[in-house]
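the sequence and its predicted three-dimensional model are supplied below.
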Amino acid sequence: MLSIYSGIIILFCFIVYKIIIIVSERENMIVERLGKYHRTLKPGIYFLIPFIDFVAYKQEMREQVIDIPSQSVITKDNIQVEIDGLLYIKVMEPKKASYGIGNYLEASINLAQTTMRSEIGKITLGSIFSERDEVNAKIISEIDKASDPWGVKVLRYEIKDIAPSRHVVETLEKQMEAEREKRAEITRATAEKEKLINVSEGKRQSAINISEGEKQKRINEANGKAEGIKLIADSTAKSLKLVAEAINLPGGNEALKMRIIDQYIDQLDEVIEAGDVSLFPANLASLKGILEELKGTKSTLKENSYVSG
């Protein structure tokens, strides 16, 4: 009797296990009824018909990271390199992922490797390093188009490691060293050029400064001369004005004549003293007579001046 009850309990638990299905948040389930697709179960609790409905597939709905194994590829410039990567995918349609392909993970890996070989073969080794983002984008585009019937979305692809052969590495190192030397030479040449330009500019500026100095000096000298001439003219004008005023005073005319005679006598004395008597004895004698006559006239003017005063 106990065994019968035990059997009934076990059968009841089995039936409950087959009837009640709990789907977690991270997955979807594909239910088949009598061997045909029936429906897709999303997160929650469901009841199935025993022995008629059963769960055929469980699909992971979270983003999945697939490690793409390393493989040898040939670049456009015939260089062999080892490349691996990471592929990020997500199931968007559980039904297609279940019935569209046998194993979408394995298919994604093979497709990623094939696409990577194709894309790397179109570019040179240098472009792989400098255009890695563009290569990743092309691989994503190609895989995404091919995986659309599988209900899988390719989110991104990353080239993880690029390993050229030892010979290629040595060649690249020499090339980079030569490039560094070239840049250093260009830098030195540019610095020398800048130095020569600065020296030339300094000389040019110095010449300009000297020229400006000379120009300013001449301007100042001209201004000084002009100022001197102006002062002399002003002084002469004032002297003439005073002379004119003195002439209008009583005895002014005689004083002016005396002043003119004094100046004439002084100039004549200098001429006689500097003259050569042996060459012009007659002329010098005449000049001496004129000088004596002027001195007499001067004395007469003085006397008249005293009388007038």
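Done, it's in.

which SS class is residue 162?
Assigned with DSSP: H, G, I helix; E, B strand; the rest coil, residue 162 falls in the strand class.

run through the stretch 1-150 of the chain and note the low-pLDDT ranges.
Residues of the stretch 1-150 of the chain meeting the criterion pLDDT under 70: 1-2, 12.

how about the strands in the stretch 1-150 of the chain?
Counting by DSSP state E, counting those that start in this stretch, the stretch 1-150 of the chain forms strands over residues 20-23, 27-33, 36-41, 44-47, 53-60, 64-74, 80-91, given from the N-terminal end onward.

residue 73: neighbouring residues, count only.
Residue 73 is surrounded by 19 other residues when neighbours are defined as other C-beta atoms under 10 Å. Where you see a C-beta, it was placed from the backbone N, CA and C, and this is true even at glycine.

quick one: contacts for it?
With C-beta atoms under 8 Å, 6 or more residues apart in numbering as the criterion, the residues that contact residue 73 are 80-83, 116-117, 120-121.

recalculate using a threshold of 6 Å.
For residue 73, the contact set (C-beta atoms under 6 Å, 6 or more residues apart in numbering) comprises 83, 117, 120.

mind checking which of these are buried?
Among the contacts of residue 73, those buried by neighbour count (16 or more other C-beta atoms under 10 Å) are 83, 120.

now the contacts of residue 73 as TSV including distance to residue 138?
Shown next, in TSV, are the contacts of residue 73 (distance: C-beta to C-beta, whole Å):
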residue	distance to residue 138
83	14
117	12
120	10
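
need the strands of the stretch 1-150 of the chain in CSV (columns: distance to residue 198).
Shown next, in CSV, are these (distance: least, C-beta to C-beta, whole Å):
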stretch, distance to residue 198
strand 20-23, 78
strand 27-33, 73
strand 36-41, 77
strand 44-47, 80
strand 53-60, 69
strand 64-74, 52
strand 80-91, 48
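
of all the ones you listed, which lies closest to residue 232?
If you check each of those against residue 232 by C-beta to C-beta, strand 80-91 wins as the nearest, at 97.0 Å.

how about that closest one: buried residues?
Of the residues in strand 80-91, 81, 83-85, 87, 89, 91 count as buried by neighbour count, 16+ other C-beta under 10 Å.

which elements pack onto it?
With contacts taken as 3 or more C-beta pairs under 6 Å, 6 or more residues apart in numbering; DSSP states H and E, strand 80-91 sits against strand 64-74, strand 152-164.

mind listing the strands the first one pairs with, and their directions?
Counting by DSSP bridges, the strands paired with strand 64-74 are strand 80-91 (antiparallel).

what does the last one give?
Sheet pairing here is set by DSSP bridges, and for strand 152-164 it gives strand 80-91 (antiparallel).

residues touching residue 28, list them.
Applying C-beta under 6 Å, 6+ apart, one finds that residue 28 lies in contact with 40, 42, 59, 61, 94.

out of the buried residues of strand 80-91, who's nearest residue 196?
So of those, ranked by how close each gets to residue 196 (C-beta to C-beta), first place is residue 81, at 46.0 Å.

the residue nearest to the closest one when sequence neighbours are not counted: how many residues sit nearby?
With C-beta to C-beta, 6 or more residues apart in numbering as the measure, residue 164 is the residue that lies nearest to residue 81, at 4.8 Å, once sequence neighbours are left out. Residue 164 is flanked by 19 other residues according to other C-beta under 10 Å.

pretty sure residue 164 is touching residue 80, no?
No. Counting by C-beta atoms under 6 Å, residue 80 is not a contact partner of residue 164; they are 7.7 Å apart.

joint contacts of the two?
In the contact map built from C-beta under 6 Å, 6+ apart, no residue is linked to both residue 164 and residue 80.

circling back to that earlier point, okay, the buried residues of strand 80-91 in JSON lines with distance to residue 47 next?
JSON lines is the format used below for the buried residues of strand 80-91 (distance: C-beta to C-beta, whole Å):
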{"residue": "81", "distance to residue 47": "56"}
{"residue": "83", "distance to residue 47": "50"}
{"residue": "84", "distance to residue 47": "46"}
{"residue": "85", "distance to residue 47": "44"}
{"residue": "87", "distance to residue 47": "38"}
{"residue": "89", "distance to residue 47": "32"}
{"residue": "91", "distance to residue 47": "25"}
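
out of these, the closest to residue 225 would be?
Comparing the buried residues of strand 80-91 against residue 225 with C-beta to C-beta places residue 81 closest, at 87.1 Å.

report the beta-bridge partners for that closest one.
With beta bridges defined as DSSP bridges, residue 81 has these partners: residue 73, residue 164.

for it, give its distance to residue 121.
Separation of residue 81 from residue 121 (C-beta to C-beta, to the nearest Å): 11 Å.

residue 168 too?
16 Å.

nearest to residue 223, out of the helices and strands packed on strand 80-91?
Nearest to residue 223, of all these, is strand 152-164, at 79.4 Å by C-beta to C-beta.
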